[in-house]
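Student: Predicted model and sequence below, questions to follow.
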Amino acid sequence: MVPQEPHLFSGTVRDAIAYGRPEATDAEVETAARAVGAHEMVAALPLGYLQPVGERGRNPSAGQRRLLALARAELVGPDILLLDEATASLDLATERRVAAATQALSGRRTTVVVAHRLTTAARADRVVVLDAGVVVESGTHAELLAARGPYHRLWQAFAQGGRPATTEPLKINELVKENAR
């Protein structure tokens with residue numbers, strides 16, 4: 001699992017990546033970081049993989065913490081991966097790096113992505129729209145747009161208004177009620 005706010009324990013960047021496999025070699029840690037595009041960021045740190053990470057991961061930025069957590073997931077190599085709001089609250093450049101890392105990581109395994117950003121949802125093989133814990137729509141991005149239901153309306157509002165690609169529960173609730181009429 002890679003949460004929106006990944007937890008990093010005190011230690012080094014190498015330790016943060018190897019947390020799930022502490023016996024991993026330095027080469028395996030670097031390979032995992034390279035696989036998700038985190039190596040360049042780590043290499044730019046003054047001490048590289050030996051850069052200290054403060055208590056609760058305070059030293060790295062939010063984007064750096066997510067890249068390290070994605071490298072950690074790559075090193076562990078789970079069959080199923082849960083990404084919870086992996087690109088939320090990031091600047092656009094960092095969001096692109098994290099999105100590329102999640103794409104690389106999820107390409108070889110079953111991945112469940114929790115996202116409010118419609119642009120994130122649009123990249124998924126299957127989108128499930130929930131309202132109060134109930135599935136109200138499910139399909140590909142194209143299928144949901146063609147169905148002209150709540151997802152389509154949210155997408156249209158985003159595309160026409162140029163607003164941030166996020167949804168709020170209230171908007172989904174209103175659209176579901178309106179669509180049911």
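Tutor: Perfect, thanks for sending it. What you see is a predicted model; the values in this text were computed from it and never measured. Numbering: from 1, shown residues only.
Student: what's the spacing between stretch 129-144 and its chain's center?
Tutor: Remark: stretch 129-144 is offset 19 Å from the chain centroid, using CA atoms, centre = their mean, to the nearest Å.
Student: which parts of it are buried?
Tutor: Neighbour-count burial for stretch 129-144 flags 129, 136-137, 139, 141, 144 (criterion: 16 or more other CB atoms under 10 Å). The way it works is simple: take the backbone N, C-alpha and C, and place the C-beta from them, glycine included.
Student: Pick out whichever of the residues you listed sits closest to Arg66.
Tutor: His141 (23.5 Å; CB to CB).
Student: And the chain, split by domain according to the record?
Tutor: Taking automatic domain parsing as the reference, the chain has its domains at 1-114, 116-181.
Student: just to revisit the earlier point, show me the buried residues of stretch 129-144 that map onto helices.
Tutor: Of the buried residues of stretch 129-144, the ones assigned to helices by DSSP state H are 141, 144.
Student: what two of the buried residues of stretch 129-144 have the greatest distance between them?
Tutor: Farthest apart among the buried residues of stretch 129-144 by CB to CB are Val136 and His141. That separation is 15.7 Å.
Student: the strands in the protein, which residues?
Tutor: Using DSSP state E, the strands assigned to the chain run over residues 11-12, 52-53, 80-84, 110-114, 127-131, 134-139.
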